[in-house]
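In: With the sequence up front, the predicted model follows.
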Amino acid sequence: MNTLAFEFTAAQRRELERYTHFLGSLHPTFNNIPVVFERRKNSGHQLTVLAEDSRLNNASFNERYLQGFWERTEDARRLCNAYVEDLEIFTRESLDITRQTSRNELISQVDFRLYSLSRSLTWELFPPEKVQDLIHELALRFFNLRSTVRQLKYTVVEVYNESFGLKSVFMRAMDHRSCNCHPQPSVAQELFRETGTTPVWDITYSSRDASVRATEYKTDIAALFNGVAAVNSRMSLFIEEIYQRIDNAINELLRAKSASKLGELNFALGAAVEGGREFITMMNHIEAWLRK
């Protein structure tokens, strides 16, 4: 596996972090819009309003989702390491049994208690009664892991899909007129006119002029939306690759379960282990990247 093809960068991590902060800033910023409308009205202008948009509702939820994404990825990584270790131990023990018997030894003749997995304290369904039951248990654990990874991808896809709607809502609101009697200043310009309504954001502005700051703010946010869309798309593809490798390992375990001889079993287990090591590498990489 070419790990460089899946490498994430510090710059991409920064994009994700800034977008998370942006999501958290949306509601405070939008809460200040009625304040600037009222401020314009008190200055003798005609009051205007901004229609509510339901696409804004999930911003805080998605912020929390992204804030907790590393912890959920770490949980998935720990699960991944534990299950692949179970598989590797089972495979080594199967090879040891083969060396003591024969590649042609019928699996039905092998005592399942020779495998340490038989002494596990937890089972996905029920305690084993034969070797095939142990293999089935390994497959069930990988099914559980696959479900956990699917949930990670669901998080990324949902945030990615909703970002397009949020961009539209945000830009429309910032360009909205701040009163009904004049096309200017826009909401964004009026927000920056006073410190109390200035959006909290992490860029250095080139001027103290409200119009300049409003333009630079909108430009930076537009670039952020483009950047995080690219990062989310890459994350989605990356997690899908992990998911597919887990799926392949499950298929190898199901093939191992149907084997009749130890030689056939070992071949399928070897393929499952190889796939397991690949997605462990990938899980370690994305978890380390998110932890920065």
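Out: Looks like it arrived, so ask away.
In: Enumerate every residue touching R55.
Out: 162, 165-166, 168-169 (Cβ atoms under 8 Å, 6 or more residues apart in numbering). All C-beta spots, glycine's among them, are computed from the backbone N, C-alpha and C.
In: can you tell me which of these are in helices?
Out: The helices, defined by DSSP state H, take in 162, 165-166, 168-169 from these.
In: Return a PyMOL selection command for the buried portion of those.
Out: Command for PyMOL that selects the buried part of these, burial taken from 16 or more other Cβ atoms under 10 Å:
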select buried, resi 162+166+169
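In: so which of the contacts of R55 comes closest to G263?
Out: Taking Cβ to Cβ as the measure, G263 sits nearest to E162 out of the contacts of R55, at 51.5 Å.
In: I figured that closest one hits N58, correct?
Out: Yes. When contacts are counted by Cβ atoms under 8 Å, E162 is listed as touching N58 (5.9 Å).
In: before we move on, the earlier item: is it possible to export the ones in helices among the contacts of R55 to a markdown table including distance to L191?
Out: As requested, the ones in helices among the contacts of R55 are exported to a markdown table (distance: Cβ to Cβ, whole Å):
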| residue | distance to L191 |
| --- | --- |
| E162 | 23 |
| G165 | 21 |
| L166 | 17 |
| S168 | 18 |
| V169 | 15 |
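In: Can you report how many residues neighbour N144?
Out: Neighbour count for N144, taken as other Cβ atoms under 10 Å: 12.
In: wait, isn't it in contact with E124?
Out: Yes. The pair formed by N144 and E124 meets the contact definition of Cβ under 8 Å, at 6.8 Å.
In: residues near R255, how many?
Out: 17.
In: ok, now which ones touch it?
Out: By Cβ under 8 Å, 6+ apart, R255 lies in contact with A268.
In: model confidence over the strand or helix carrying it, on average?
Out: Element membership for R255 (DSSP states H and E) is helix 210-257. Average pLDDT, helix 210-257: 95.
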